[in-house]
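> pasting the structure only:
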């Protein structure tokens, strides 16, 4: 189970810092505080960068940020899983630094809205790329919900950003640690059992209700039950399907239309059939949900080879990476209440480069 970072807040006593070091005995200590303060000065006063008074003004700025001999300056963060102790800036300053290069493509007011927008991600194979993209752009940085039961296997490394030292660990733990190392202040609500009858209601309704859910799982019964509860709670759901060199995006805006049919009404009576027979032909269900017409020939042929010459459905890192970018774009549009309608969109990557 993932441990949270140990955070020694600004203005703690020097004795508290000494106790932390003595108790945890960090393997590596990184003091980036001064360099971050210089960055903070530059983004706060960009007009002074080429000014003759730059150095003198920087000294004045830095003097206000360092405490006395009794109190600590900045924040100390210890990561138990790798033994690293980091001297860094406080929460608000770190977020300001991390998102500065988004401006003015994203305004400060918009960025604050994105920060507070709570997103839930169900399934952390493709979903792990979605999550890291969201965090890098500063979305859901107050609170993020993640659900995944599976462990990382070597064959997952064609699309999941991890290393061979992570093999055998829970995917959710690997991702959580990566996110904490980007933003140690984030609140992660983790569901290491994935979504099931026990955890689904808690995922939707406990702590903070998600403002948006990304669904990227293979459990077809849970796909439907998740949507039924999301519809009841008026939470939009986005499904990302990676099909060879194509991405299929299904957007269901239950927040705008609580009467919207599941899967935008594209599946007919399939949802009822799945609920009646959840252990039916899984490969057949998969093809019906995304539509045979949307699946490239090689991908269709691959499905028929599962448990014969293949152990699972093939996916490509190139497509998964692009899907992460698309998901971040969609989440940003929905969070800022810009126009994103319900419906199905297909992004055939190879067609963008056709000579014709």
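Received the coordinates, thanks. Note that the structure is a prediction, hence the values are computed from the model and not measured.

> Could you pull out the strands in the stretch 51-200 of the chain for me?
75-79, 84-88, 119-122, 143-147, 187-191 (DSSP state E, counting those that start in this stretch).

> how about JSON lines for these, with mean pLDDT added?
Shown next, in JSON lines, are those (pLDDT from 0 to 100):
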{"stretch": "strand 75-79", "mean pLDDT": "98"}
{"stretch": "strand 84-88", "mean pLDDT": "98"}
{"stretch": "strand 119-122", "mean pLDDT": "98"}
{"stretch": "strand 143-147", "mean pLDDT": "97"}
{"stretch": "strand 187-191", "mean pLDDT": "97"}
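
> Out of the ones you listed, flag the one nearest residue 280.
With Cβ to Cβ as the criterion, residue 280 lies closest to strand 119-122 of these, at 21.1 Å. C-beta coordinates here come from the backbone N, C-alpha and C atoms, glycine included.

> List the contacts of that closest one.
Strand 119-122 is contacted from outside by 127, 130-131, 134, 139-140, 144-148, 194-195, 203-204, 210-217, 222, 226, 331, using Cβ atoms under 8 Å, 6 or more residues apart in numbering.

> of the residues you listed, buried ones?
Using 16 or more other Cβ atoms under 10 Å as the burial test, the contacts of strand 119-122 include 127, 130-131, 134, 139-140, 144-148, 194-195, 203-204, 210-217, 222, 226, 331 as buried.

> one step back: what about the contacts of strand 119-122, which are in helices?
Using DSSP state H, the members of the contacts of strand 119-122 that fall within helices are 127, 130-131, 134, 203-204, 222, 226, 331.

> for those, which one is nearest residue 59?
Using Cβ to Cβ as the measure, the one of those that approaches residue 59 most closely is residue 134, at 37.7 Å.

> doesn't residue 329 make contact with that closest one?
No. Shown here, residue 134 and residue 329 do not form a contact pair, counting by Cβ atoms under 8 Å, at 10.5 Å.

> Which of the residues in the least confident helix or strand in the chain by mean pLDDT are classified as buried?
Ranking every helix and strand in the chain by mean pLDDT, DSSP states H and E puts helix 297-304 at the bottom, with a mean of 80. By 16+ other Cβ under 10 Å, the buried positions in helix 297-304 come out as 299, 302-303.

> of all the residues you listed, which comes closest to residue 277?
Residue 277 has its nearest neighbour among the buried residues of helix 297-304 in residue 303, at 18.9 Å by Cβ to Cβ.

> Grab the most central residue of this structure for me.
In the chain, the C-alpha nearest the mean C-alpha coordinate belongs to residue 131, at 1.4 Å (Cα atoms, centre = their mean).

> where do the helices sit along the stretch 201-350 of the chain?
For the stretch 201-350 of the chain, the helices defined by DSSP state H, counting those that start in this stretch cover 220-233, 270-276, 282-290, 297-304, 317-335.

> elements contacting the fourth one?
Read that as helix 297-304. helix 282-290 (3 or more Cβ pairs under 8 Å, 6 or more residues apart in numbering; DSSP states H and E).

> I'd like to know which elements the helix it packs on is packed against.
Other elements packing on helix 282-290 under the criterion 3+ Cβ pairs under 8 Å, 6+ apart are helix 220-233, strand 237-243, helix 270-276, helix 297-304.

> how far is it from where the chain is centred?
Here helix 282-290 is found 26 Å from its chain centre; the criterion is Cα atoms, centre = their mean, to the nearest Å.

> Contacts for that helix, please.
Against helix 282-290 from outside (Cβ under 8 Å, 6+ apart): 218, 220, 223, 241, 243, 248, 263, 267, 270, 274, 295, 300, 303-304, 306, 313.

> same thing with stretch 38-58?
61-62, 89, 93, 96-97, 100.

> Now compare those and name the two farthest from each other.
Pairwise distances across the contacts of stretch 38-58 (Cβ to Cβ) peak at 18.5 Å, for the pair 62 and 100.
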